[in-house]
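Peer 1: Sequence plus the predicted model coming up.
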Amino acid sequence: MKWYQKTWAIVLLLIIFFPAGAFLMWKEKKDWRSPVKILISVVFGFWFLIFATAALSDTPTETSTPNTKTESKSAEEAPKEEAKKEETPKEEVKEEETPKEEVKTEEPKKEETPKEEVKKEETTSKGIKAGTYKVGTDMQAGEYIFIASSALGYVECTTDSTGNLESIVFNDNVKGNVYLTVNDGEYLKATGGTLYPVEEAPSIVPSDGVYKDGMYKVGKDIPAGEYKIILTDTIGMGYYEVSTDSRHGIESIVTNENVQADTYLTISDGQYLKISGVEINTK
């Protein structure tokens, strides 16, 4: 059997070039019923006429387009040349204004110093924006509060800038806020939030007395005492952690627990309390 006698070839020709496909269908496909052949001929013939008519109707539009563009260009070019001629006297006016420019350059120099001081104060009040900083060069060593501005922030402290896992001192996905302490020579990366020196940070004490996801310093943000830990996470798994400092080392952890039901916890002044998926109501 030759290729044009095969069913797939005839169907392809019916789609691409209907006259050839129809001819081969009636000649080669004796086993196809006549009603089927008639129906295929009517359907494909109808679509072939539509496409042929559409193609012929588009032809005059394409040939007339270049003439229109040429005329519009020539019409636009003439006023452009006239405009250029009128601009010439403007250059003479600029030459006369030269002494005014000398006076302007001398005045602002005396006022630049106080403006820079104002900018530094604004940066301090707004905190340190997200980025990667070298401690001791870009920022001072010490304790900071990171407040997430999105659903989930991220902080990472490393010993160098190689990006290797073994250089990580600590890292954390932050919901709410977190305390952290960095030392000279380390690198601090923060995304999705703002860093504040502890003494300049806004208050993180909830106005309604309900403590949710975040890290709080006992005696400063939350009073010492015994509290009921209430599970709020939708998947039924919360977490709390009590530590002695904000370096996030394993040796700093006093106690921690994956919370699967409501429980109680006692915390002391100077400790740090981190909670996730649970809440504490102090009222």
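Peer 2: Done, it's in. Numbering: from 1, shown residues only.
Peer 1: and Ser150, what element?
Peer 2: Using DSSP states H and E, Ser150 sits in no helix or strand.
Peer 1: and the gap between it and His248?
Peer 2: Using C-beta to C-beta, to the nearest Å, we find Ser150 at a distance of 21 Å from His248. Heads up, the C-betas are built off the backbone N, CA and C, glycines and all.
Peer 1: And for Leu195?
Peer 2: Here Leu195 is placed at a distance of 15 Å from His248 (C-beta to C-beta).
Peer 1: Beta-bridge partners for Asn256, please?
Peer 2: For Asn256, the beta-bridge assignment (DSSP bridges) gives partners Glu241.
Peer 1: Can you give me the pLDDT of it?
Peer 2: Listed pLDDT for Asn256 reads 98.
Peer 1: With the one 5 residues further on instead?
Peer 2: Reading off the confidence values, Ala261 has pLDDT 97.
Peer 1: burial measure for the closest residue to it other than its chain neighbours, as a count.
Peer 2: Nearest residue to Ala261, sequence neighbours excluded (C-beta to C-beta, 6 or more residues apart in numbering): Leu231, at 6.1 Å. The tally of other residues near Leu231 (other C-beta atoms under 10 Å) stands at 15.
Peer 1: wait, what's in contact with Leu231?
Peer 2: 238, 259-262, 277-278 (C-beta atoms under 8 Å, 6 or more residues apart in numbering).
Peer 1: worst-scoring helix or strand of this protein, pLDDT-wise?
Peer 2: Within the chain, no helix or strand scores below helix 112-126, which has a mean of 45 by mean pLDDT, DSSP states H and E.
Peer 1: May I have the residues that are in contact with the residue nearest the centre of the chain?
Peer 2: With distances taken as C-alpha atoms, centre = their mean, the residue of the chain nearest its centroid is Gly192 (10.1 Å). Residues near Gly192 by C-beta under 8 Å, 6+ apart: 130, 148-150, 152-154, 174.
Peer 1: Now the residue nearest to Ala261: phi and psi?
Peer 2: Dihedral pair for Leu231: phi -70, psi 130, per degrees, to the nearest 10.
Peer 1: go on, Tyr216?
Peer 2: Torsion angles at Tyr216 (phi, psi; degrees, to the nearest 10) stand at phi -130, psi 140.
Peer 1: My guess is it contacts Tyr272. True?
Peer 2: Yes. At 7.1 Å, Tyr216 and Tyr272 qualify as touching, with contact defined as C-beta atoms under 8 Å.
Peer 1: Looking at the contacts of Leu231, spot the one nearest Phe46.
Peer 2: Using C-beta to C-beta, Gly277 is the member of the contacts of Leu231 that lies nearest Phe46, at 64.7 Å.
Peer 1: What score does that closest one have for pLDDT?
Peer 2: pLDDT, Gly277: 97.
Peer 1: That one: how many residues sit nearby?
Peer 2: Gly277 has 19 neighbouring residues, counting by other C-beta under 10 Å.
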